[in-house]
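Peer 1: I need the structure of the sequence given here:
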Amino acid sequence: MKIIHTGDIHLGAAMRTLPPDKARLRGAEIVDTFRVLCSYARGNGIGAVLIAGDLFDENGVHKSLVAEIFSIISSAQPVCFFYITGNHDDGLALDGVVIPQNLYVFSKNRGWQSYDLPEGITVTGIDGKYLTPDSYFSLRLRTERFNIVMLHGEAVGTERTGKDQLALPRLQNKNIDYLALGHIHIPTMQAERLDGRGKYRYCGCLEGRGFDECGKRGFFLLDIRGGQLYTENFVSIAKREAVVCTADISACNSYYDVERTALSALSGVSAGSMVKLVLRGRHRADLRKDIPMLTGRLSQSYFFIKIVDESRIFIDYAQYKNDLSERGEFVREVGRYEMSEEERSEILEVGLKALAGEEIDL
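Peer 2: All right, here's what the predicted structure looks like:
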C-alpha cells in the first residue's frame, strides 16, 4: 500500500511577512497545492494520506475554507485521509461542517484511536491537545500489524516533556513501525531510528510560507509491502520556494556594481521564488546602495523580494586627517570615541547619509 505523510499545511494562515496582496495570493496557492496533493493521491493509487496536524492555522479559520478543503478531500475518494489536530488547529470548530466519509479523525474519545487498513496496516493517533503523560502508558499496539502512529509535537529524548513536546523514550518498544510526526517544518529526509523495530520522521510543511522555511518542501510517499517499509521518497509539489542568499558588496564602487553583485548572487534562484537577499561586507563611504531601487529591480523577477542590508562602511581615517569639510570633522570626531567597530560603522553610516541629504532608514 502506498501512503502519503504530510502535515503543517497551515491553511488560512495570515502570512503577515508578505504584503496583503501577496499574502492573499499565497494563501490561495497553498490551498491549490493541497488540491494537487489530493489529485496526486487519487491518480497514483495512494491508499491513505496521513495529515500530522496543523492542516489549518489558528482557531478562527473561516468555516467556508474548512468546507472547501473537506470537499477537496471528499473528491479524492477512494483515498482515505487520517487527520490529527496540532497546536494551531486544536480549537477548530466543525459544527455544521459535513465531514467527508473518507476523512478519519481522532477526537471522538479524547484518547488513542486506531483504524485498520488492508495489508495488515493500522493507523493510530491522538489529537495533540489530548496527549498527556498518561497517554504513553495507554498506547497498545498489536505486534502482528504494521503500526503507523501519528503525533504532533517536538520530539525530545527525555522522559519529562513540556508543552507541545513528545517523549521519544516513552514511545520505544511499543510495536511502532513508522511514527508520522508533524510540528517541525523541516522535513526529515533520512528517517531516524526510534528503536529496534521502528523509525520516525517529520514531514515538514507542504509549502514554505516564510524565510524560516527555506528549501524544498513537499510530502513523503511511503510504499509498504508485506509488513515492511519498502520505499520512502520525498515528493515536492510546492509552487514556490523560499530562498535566502547573501551578496558581498565590499568591492562595489557604484549602485550598478551593487545590482550586478546582487544578480550574480541570485543567478541560481528560480524565477517566482520568495527571496531574502542579505547584503554584507565593508564598502567605501560614498557607495550609493539605493535599496528601494534595487528592490524594485529585483521584484520584476521574483514573487517577493526582501533586502536586508547588513553591510557596513569602511573608513580610512588617514584620508580624513586634513579634510576641513563637515564630513571630515564628523569622521574625526567619531574616531575619537571608544566603541566597537560595528557601533562606529553604524554611526558613521547614518551620519554621512544625513550630511549627504540621503534618506535614513532607522
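
Peer 1: tell me the spacing between Thr261 and Ala247.
Peer 2: 5 Å (C-beta to C-beta, to the nearest Å). To be clear about C-beta, it is placed using only N, CA and C from the backbone, and glycine gets the same treatment.

Peer 1: so which of these two has more stuff around it?
Peer 2: More crowded of Thr261 and Ala247, by other C-beta atoms under 10 Å: Ala247, with 22 against 18.

Peer 1: who's the closest spatial neighbour of that one, skipping the chain neighbours?
Peer 2: Leaving out its chain neighbours, the residue that sits closest to Ala247 by C-beta to C-beta, 6 or more residues apart in numbering is Ala265, at 3.9 Å.

Peer 1: burial count for that neighbour?
Peer 2: Neighbour count of Ala265, defined by other C-beta under 10 Å: 18.

Peer 1: count of residues packed around Val269?
Peer 2: Other residues within reach of Val269, judged by other C-beta under 10 Å, total 17.

Peer 1: one more: the one 3 residues further on?
Peer 2: Residue neighbour count, defined by other C-beta under 10 Å, stands at 13 for Gly272.

Peer 1: leaving out the residues flanking it, which one is nearest to it?
Peer 2: Once flanking residues are discounted, Gly272 sits nearest to Phe303: 5.1 Å by C-beta to C-beta, 6+ apart.

Peer 1: tell me the spacing between the one you found and Val79.
Peer 2: The value you get for Phe303 to Val79, if C-beta to C-beta is used, is 31 Å.

Peer 1: below-threshold pLDDT in the stretch 1-150 of the chain: ranges please.
Peer 2: Counting by pLDDT under 70, the stretch 1-150 of the chain has low-confidence residues at 59-60, 95.

Peer 1: which parts of it are strands?
Peer 2: 2-6, 46-52, 80-84, 103-105, 113-117, 121-125, 146-152 (DSSP state E, counting those that start in this stretch).

Peer 1: list the helices and strands the fourth one packs on?
Peer 2: Here strand 103-105 touches helix 63-75, strand 80-84, going by 3 or more C-beta pairs under 8 Å, 6 or more residues apart in numbering; DSSP states H and E.

Peer 1: most tightly surrounded among the ones you listed?
Peer 2: Burial of the helices and strands packed on strand 103-105 is given as mean neighbour count (mean count of other C-beta atoms under 10 Å); strand 80-84 ranks first at a mean of 25.

Peer 1: what's in contact with that strand?
Peer 2: Outside strand 80-84, the residues within contact range by C-beta atoms under 8 Å, 6 or more residues apart in numbering are 47-53, 55, 73, 100, 102-106, 115, 117, 123, 125-128, 150-152, 182.

Peer 1: show the buried residues in these.
Peer 2: The neighbour-count test (16 or more other C-beta atoms under 10 Å) applied to these identifies 47-53, 55, 73, 100, 102-106, 117, 123, 125-128, 150-152, 182 as buried.

Peer 1: mind naming the longest helix for this protein?
Peer 2: Looking across the chain with DSSP state H, the single longest helix is helix 20-43.

Peer 1: quick one: distance of it to the chain centre.
Peer 2: Its chain's average C-alpha position is 15 Å from that of helix 20-43, according to C-alpha atoms, centre = their mean, to the nearest Å.

Peer 1: what comes up buried for it?
Peer 2: Going by 16+ other C-beta under 10 Å, helix 20-43 has these buried residues: 23, 26-27, 30-31, 33-35, 37-38, 40-41.

Peer 1: same thing with stretch 276-283?
Peer 2: Buried positions in stretch 276-283, judged by neighbour count with 16+ other C-beta under 10 Å: 276-279, 281, 283.

Peer 1: sorry, back to before: the residue nearest to Gly272 against Ser270, yeah?
Peer 2: No - assessed by C-beta atoms under 8 Å, Phe303 is found out of contact with Ser270, at 10.0 Å.

Peer 1: what's the nearest residue to the spatially most central residue of the chain if we skip its chain neighbours?
Peer 2: Geometric centre of the chain, nearest residue: Glu213, 3.0 Å, by C-alpha atoms, centre = their mean. Distance criterion C-beta to C-beta, 6+ apart; nearest residue to Glu213, sequence neighbours excluded, is His185 at 5.1 Å.
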